[in-house]
Structures are given as structure tokens and as C-alpha cells.
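**Student:** predicted model, plus sequence, below.
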Amino acid sequence: MLTARYDRLGVHPGDRLLDLGCGFGRHAFEAARRGAAVVALDAGRAEVEGVVATFVAMTEAGELDPARQHAAVVQGDALALPFADGAFDRIICSEVLEHIPDDRGAIDELTRVLRPGGTIAVTVPRFGPELVNWALSDEYHMVPGGHVRIYRRRVLESRLAAAGLRVTGHHYAHGLHSPYWWLKCLVGTTNDEHGAVRAYHRLLVWDIVKRPWLTRAAEAVLSPLMGKSLVIYAARAE
């Protein structure tokens, strides 16, 4: 399930791409398949180990050719990235900044390691759907490492601009996922055995795996209205 659009970000074979806060690697894997030289970075050891294992499995399955497609996985801190200035052509920072108290410091670091003329996709939870989650459940965000803020689009765009990035566009994603999280907030975010939650989860898995026209059409209609994620694209000045 991808949030950023690679064509809009401008990912090409050979690009140096950083997936900051990679989680279990969904964006990093797709970038590698497209021929980018990928660095996946996360603060969590379990996430890093999981991404390493998947990259190894992709190589063994012939999905990646180490001679042509390069991938590295790093455990690190978004506020002190272990990379040189201008090290990357493209950056994806997906569902990360809402977890970081010093988000301005993280944005400054992202800008520093992006080359002049390079592009970045930043995704965060959308204001409206996220506000509903917070209203329904303290458990949703008041956990260690949880969400510390809800962004309005203009606020995030202003922080990116203050760091030296030029915003080039935005869109919304994952319209089918907002009701799922509202449901989880209603019944308890850890109550995965609730019948309605299990049924909705099966729907989401069906959509991700099979991509049927019905859910794809619903996603296209719902995302602009109540997509769970806001995606902003920006570029660093030449």
C-alpha cells in the first residue's frame, strides 16, 4: 500500500533515494524495484531487521539484481541523519513527522541531505480524519511514540517552505482507511478480534492484494473527500 506517487516524485533508475522512517519498507521496496539506489532508515531495530530480511528475500527471488539495484538499511535518528549534505536525489518521508516533537529540526535535516533540485514527498495524517480519531479515542495517539500533533496542510507547507523547500503540489490518499480507523477508535484500537474490525480488515487486504475495480473506484471517490493521508510534494531550490 503506497502513499507517495513515484511518477510525481520523479523517481528514475539510478536515483539516490532515502526512505526516512521506512517502517517495514513498503516505499523502499517499490523504489528499489524501479531501479533507485535506496537507503531505508528507521529508528526502530525491529523495523530495520524486517526490511533487511525482505531485501534479502527479494534478491534471492530474483526481484532485485545487486549488480544493478542497490539497497541499504540504516538504524538512525531523523534529527541527526548520518549522511552528507545533498546526498539524495529523492526523499520519501511517510507518516513520520507527526511522531516527532521537533518536526522543524527533522525537516531541516531532510532539506540538508536533499540535493539542490531534488524532490521530496512528505505524508502525514490528514487533519479532518485525524481529528475524528483523536476525538473518539485517547488510546489512538496517547501511546509511547504516538502522534504528537495534527497538521493542517497550510501549516506543514509553511514549515517546508521555511526550511528552503518549494511546495509543488499535494493530494490525499487512502480514503478507504479513514472509516477503518474510526471503527477501531470506537471499539478499541487494540481490539483486532471485533467482528466489524475483522471484516473491514479483510476488505482492505482484498483491496491491497487484488486491487478490484470496485474498491479502486471507491478509493478514487473517497480519497479527495476523506483520505486518511495528506501527501505534499516539494523541491529544493537549484
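**Tutor:** Sure, I can see it.
**Student:** show me what contacts residue 156?
**Tutor:** 97, 122, 124, 230, 232 (CB atoms under 8 Å, 6 or more residues apart in numbering). Bear in mind the C-beta positions are built from the backbone N, C-alpha and C, glycine included.
**Student:** got the phi and psi for the residue nearest the centre of the chain?
**Tutor:** The centroid of the chain falls nearest to residue 94 when counting by CA atoms, centre = their mean (2.1 Å). Phi and psi for residue 94, reported as degrees, to the nearest 10, are phi -110, psi 120.
**Student:** returning to that earlier point: okay, the contacts of residue 156 in CSV with pLDDT next?
**Tutor:** Output for the contacts of residue 156, formatted as CSV (pLDDT from 0 to 100):
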residue, pLDDT
97, 98
122, 98
124, 98
230, 98
232, 98
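**Student:** how close does the residue sitting furthest away from the middle of the chain sit to residue 181?
**Tutor:** Distance to the chain centre peaks in the chain at residue 195, reaching 28.4 Å (criterion: CA atoms, centre = their mean). Relative to residue 181, residue 195 is positioned 17 Å away (CB to CB, to the nearest Å).
**Student:** need the helices for this structure, in chain order.
**Tutor:** For the chain, applying DSSP state H gives helices covering 6-9, 26-33, 45-60, 103-113, 127-136, 153-162, 177-187, 195-210, 213-226.
**Student:** just checking, what packs against the third one?
**Tutor:** Using 3 or more CB pairs under 8 Å, 6 or more residues apart in numbering; DSSP states H and E, the elements in contact with helix 45-60 are helix 26-33, strand 37-42, strand 71-75.
**Student:** out of these, which is closest to residue 103?
**Tutor:** Of all the helices and strands packed on helix 45-60, it is strand 37-42 that lies closest to residue 103, at 16.4 Å by CB to CB.
**Student:** what's the angle between the closest one and strand 71-75?
**Tutor:** Counting by axes from the mean of the first three to the mean of the last three CA atoms, to 10 degrees, strand 37-42 lies at 20 degrees to strand 71-75.
**Student:** output strand 37-42 as PDB, restricted to C-alpha atoms.
**Tutor:** Extracted in PDB, the C-alpha atoms of strand 37-42 (Å, rounded to 0.1, in the frame of the first residue of the first chain):
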ATOM      1  CA  ALA A  37      19.600   3.200  -5.100                       C
ATOM      2  CA  VAL A  38      17.700   3.100  -1.900                       C
ATOM      3  CA  VAL A  39      18.600   3.800   1.700                       C
ATOM      4  CA  ALA A  40      15.800   2.800   4.100                       C
ATOM      5  CA  LEU A  41      16.200   4.400   7.600                       C
ATOM      6  CA  ASP A  42      14.200   3.900  10.700                       C
END
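**Student:** list the pairing partners of it within its sheet, with orientation.
**Tutor:** strand 16-20 (parallel), strand 71-75 (parallel) (DSSP bridges).
**Student:** for stretch 134-151, output the C-alpha coordinates as PDB.
**Tutor:** Taking C-alpha atoms only, stretch 134-151 is exported to PDB below (Å, rounded to 0.1, in the frame of the first residue of the first chain):
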ATOM      1  CA  TRP A 134      -8.400  11.900  18.500                       C
ATOM      2  CA  ALA A 135     -11.900  12.800  19.500                       C
ATOM      3  CA  LEU A 136     -13.000   9.100  19.600                       C
ATOM      4  CA  SER A 137     -10.000   7.600  21.400                       C
ATOM      5  CA  ASP A 138      -7.200   8.800  23.600                       C
ATOM      6  CA  GLU A 139      -5.700   5.400  23.200                       C
ATOM      7  CA  TYR A 140      -5.200   6.100  19.500                       C
ATOM      8  CA  HIS A 141      -2.500   8.700  20.000                       C
ATOM      9  CA  MET A 142      -1.500   8.800  23.700                       C
ATOM     10  CA  VAL A 143       0.900   5.900  23.500                       C
ATOM     11  CA  PRO A 144       4.700   5.900  23.600                       C
ATOM     12  CA  GLY A 145       5.900   7.100  20.200                       C
ATOM     13  CA  GLY A 146       2.400   8.100  19.200                       C
ATOM     14  CA  HIS A 147       1.200  11.100  17.300                       C
ATOM     15  CA  VAL A 148       2.000  14.500  19.000                       C
ATOM     16  CA  ARG A 149       0.200  16.800  16.600                       C
ATOM     17  CA  ILE A 150      -2.400  17.100  13.900                       C
ATOM     18  CA  TYR A 151      -1.300  19.100  10.800                       C
END
